[in-house]
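>>> predicted coordinates and the sequence they were generated for:
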Amino acid sequence: MGIPRGVVLAAGLGTRLRPLTDRTPKCMIPVAGRPIIDYWVRALADAGVRDVLVNTHHLPEQVRTYMTNVNDRIGMHIHEAYEPELLGSAGTITANGDFAADADEVIIIYADNFSDVDLRAMLEFHRAHDDPFTMLLFRAPNPKACGIAELDDEKRVVSFVEKPEEPKSDLANAGVYIVDRNAWQEMVDARAFDLGHDVLPLFVGRMRGYAGAQYHLDVGTHEAYERVQQDAPAVLAKRRIDPDGRRPAVFLDRDGTLIENAHYLSNTEDVHVILGAIEAVRRLRQAGYACIIVSNQSAIGRGMITEDDHRHISNHVCELFAREGAVFDALYHNPHVPKSRNRTVIEHPDRKPGPGMLQTAAAELHLNLGRSWMVGDFVSDILAGHHAGCEGNIYIGDHDAISDADLPDDVTCDVVRDIASAADLILKQQPVSGATPS
C-alpha cells in the first residue's frame, strides 16, 4: 500500500465553548499542555501519514503558526485549506478533492475530539476488509444524542441514523473515517455539505465499524472540556505521556545510524537505509516515543551542499521511512564547521556534542529529556545526550572505539551493534505493556 493522507477538519467556530473560543480556535484549545489538534497530528504520524490537510476559518493565524512549526521540522507536511465561508465537513472534501486523489487511503478526522484510538490499528483493520469505508465507533452513554450505527456479524454497518429516537445500538460515530481512493472520489463527487447527514448514509452496507476507542469525547462544551482535562492524565499515561503532556523521545543520529555513511552526502542516490532501521523507528513510535533526527551537517557550512540540497535529501529519507509506516516527529541539523577534530569539545551549542538541538526539540515539541534517549555512532552523539540530561545514551559500534574515547568519568553509555539492537534495549528497559502511540 502507498502512504495514506490525512484530513483534519478544524474550521469550526466552537460557539458552545465561548468565551474561550473568542480568542482561541477550537482545534487549538490546550489539553494537558498541548493543542488538541496536535494529538491527532501525532496519531496520524504513527499511522505513517506525512501529508495532512487542515481546513481553517476562525482565527486562522494561530493554526497557521502551529502548522508552520510542524512544517519547519520536515517530518510531516501540513497543508492549509482556508475557508472564508464555512463549507461544511463534506464541502471541505469536495473543495479539496485533488489533495488525496492519488492516495490509496485517506484518514479523515474531526479535530475537536479527544481519543485514545490507535489509528495504526484502525488502518490495519481497514486494509483487512474489502469495503471502501471504515468508521470509528465508541460506546455512547446517551445514544439518542449521537449518530448511531448498527453492525452485522462481519462488523458491516447495516444502518446509520443521526440522533435516533429509538437507537438500535450504543455504537456512536466518533468522527474518524478511513476511506479508499474510490470512496474519496465518491465523497468529492457528492458535493454535499455535512458528512454525517449527507454522506455516511450513502455508504451503509459498504462500510465497516471499528469499535477501537476505549476513551472518546467530543470536546464541544465547557462541561466536556472540564471533563477531558480531568481524564487526560490517565488516558495519556497509557501512551507514556506525562500528566503535563510531555513525551519521551529517542533522538537519532542520521548518517551511520539510520542510513549508511556516505562522505558528505550530497544526493539522494547515495541514500541507503540501514537494515532494521525502519522497523526500529516504527517500534519506538508504537511504544509512545517521539522519534527525532539530530544531525551535524558541516557539508552545508563548507559550501559542499546547500540548505535546499539538505532539505531534499531529508525529505527523501522521510519518504523512504514513511512508505513502511515510520514517520519522524522532527528533524534538526546544524551546519557549523568545526575547527578541531576532537568530537568531545563543544564548539557550537547546537553542534553535537553540544546539547542545543535536543534542548530546542524539547522546548518546541513538549518533550521530557529526562525520559529520553540519544542513539548514534559517534562519541559526540553520546555527549550530546549526556549534556542534555537524557535518561540513556546508546553508542552504535564496538566497545573498543568508545572505550578509547576521551570521555569524562561521569559519562556512561550502552554499546550495541545496530539501531535494531538499540530499540531492543530501550524497549526492554521501558516495558510497553498497555502503551499505545500518541
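Arrived safely. Only a predicted model underlies this, so the values are computations on that prediction, with no experimental measurement involved. Numbers count the residues shown, from 1 in each chain.
>>> can you count the residues close to Leu365?
20 (other C-beta atoms under 10 Å). Every residue, glycine included, has its C-beta placed from N, CA and C.
>>> equivalent analysis for Val250, please.
25.
>>> beta partners for it?
Cys291, Trp373 (DSSP bridges).
>>> and the closest residue to His197 other than its chain neighbours, its phi and psi?
Sequence neighbours aside, Glu162 is the residue nearest to His197 in space, at 5.9 Å (criterion: C-beta to C-beta, 6 or more residues apart in numbering). Phi and psi for Glu162, reported as degrees, to the nearest 10, are phi -80, psi 120.
>>> again with Met304
According to degrees, to the nearest 10, Met304 has phi -80, psi -30.
>>> check contacts around it.
Contact analysis of Met304 by C-beta atoms under 8 Å, 6 or more residues apart in numbering lists Tyr264, Ser266.
>>> rewinding a little: OK, contacts around the residue nearest to His197?
Counting by C-beta under 8 Å, 6+ apart, Glu162 has contacts Gly147, Gly196, His197.
>>> isn't Asn368 right next to Pro243, touching?
No: Asn368 lies out of contact with Pro243 (C-beta atoms under 8 Å); the separation is 10.9 Å.
>>> the more surrounded of these two?
Neighbours were counted for Asn368 and for Pro243 using other C-beta under 10 Å; Asn368 has more, 19 against 12.
>>> ok, and the closest non-adjacent residue to the more buried one?
Arg246 (4.2 Å).
>>> look up how far Asn142 lies from the one you found.
Per C-beta to C-beta, to the nearest Å, Arg246 is found 34 Å from Asn142.
>>> between those two, who's got more neighbours?
Arg246 (22 against 10).
>>> still on that earlier bit, the residue nearest to Asn368 contacts Leu369, correct?
No: contact criterion C-beta under 8 Å: Arg246 and Leu369 do not qualify, at 9.1 Å.
>>> strands of the stretch 1-150 of the chain, start to end?
Listed in chain order, the strands of the stretch 1-150 of the chain (DSSP state E, counting those that start in this stretch) span 5-9, 30-31, 34-35, 51-56, 77-82, 105-110, 113-115, 133-139, 147-151.
>>> could you pull up the residues touching Asn334?
Ser295, Asn296, Gln297, His348, Asp350, Arg351, Lys352, Gly356, Met357.
>>> what number of residues lie near the last one?
It stands for Met357. When neighbours are counted by other C-beta under 10 Å, Met357 comes out with 25.
>>> pLDDT wise, what is it at?
For Met357, the model assigns a pLDDT of 97.
>>> CA-only coordinates of stretch 197-207 in PDB, if you can.
C-alpha atoms of stretch 197-207 as PDB (Å, rounded to 0.1, in the frame of the first residue of the first chain):
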ATOM      1  CA  HIS A 197     -26.300  13.700   7.400                       C
ATOM      2  CA  ASP A 198     -25.500  13.700   3.700                       C
ATOM      3  CA  VAL A 199     -22.600  11.300   3.000                       C
ATOM      4  CA  LEU A 200     -22.500   8.500   5.600                       C
ATOM      5  CA  PRO A 201     -25.900   7.200   4.600                       C
ATOM      6  CA  LEU A 202     -24.600   6.600   1.100                       C
ATOM      7  CA  PHE A 203     -22.100   4.100   2.400                       C
ATOM      8  CA  VAL A 204     -24.500   2.000   4.600                       C
ATOM      9  CA  GLY A 205     -23.900  -1.600   3.500                       C
ATOM     10  CA  ARG A 206     -20.500  -0.700   2.200                       C
ATOM     11  CA  MET A 207     -18.900   0.500   5.400                       C
END
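>>> quick revisit: so which of the contacts of Asn334 are in strands?
Ser295, Asn296 (DSSP state E).
>>> okay if I get the contacts of Asn334 as JSON lines plus distance to Phe378?
Converted to JSON lines, the contacts of Asn334 look like this (distance: C-beta to C-beta, whole Å):
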{"residue": "Ser295", "distance to Phe378": "11"}
{"residue": "Asn296", "distance to Phe378": "8"}
{"residue": "Gln297", "distance to Phe378": "13"}
{"residue": "His348", "distance to Phe378": "15"}
{"residue": "Asp350", "distance to Phe378": "16"}
{"residue": "Arg351", "distance to Phe378": "12"}
{"residue": "Lys352", "distance to Phe378": "8"}
{"residue": "Gly356", "distance to Phe378": "16"}
{"residue": "Met357", "distance to Phe378": "14"}
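>>> how much space between His197 and Val31?
His197 is 28 Å from Val31, by C-beta to C-beta.
>>> likewise for Val54?
Taking C-beta to C-beta, one finds Val54 at 17 Å from Val31.
>>> turn the strands of the stretch 1-150 of the chain into JSON lines, columns for mean pLDDT.
Shown next, in JSON lines, are the strands of the stretch 1-150 of the chain (pLDDT from 0 to 100):
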{"stretch": "strand 5-9", "mean pLDDT": "95"}
{"stretch": "strand 30-31", "mean pLDDT": "90"}
{"stretch": "strand 34-35", "mean pLDDT": "90"}
{"stretch": "strand 51-56", "mean pLDDT": "94"}
{"stretch": "strand 77-82", "mean pLDDT": "93"}
{"stretch": "strand 105-110", "mean pLDDT": "96"}
{"stretch": "strand 113-115", "mean pLDDT": "92"}
{"stretch": "strand 133-139", "mean pLDDT": "93"}
{"stretch": "strand 147-151", "mean pLDDT": "88"}
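>>> list the residues that contact the residue nearest to Leu320 when sequence neighbours are not counted.
Once flanking residues are discounted, Leu320 sits nearest to Val273: 5.6 Å by C-beta to C-beta, 6+ apart. By C-beta under 8 Å, 6+ apart, the contact set of Val273 is Leu258, Ile259, Glu260, Val317, Leu320, Phe321.
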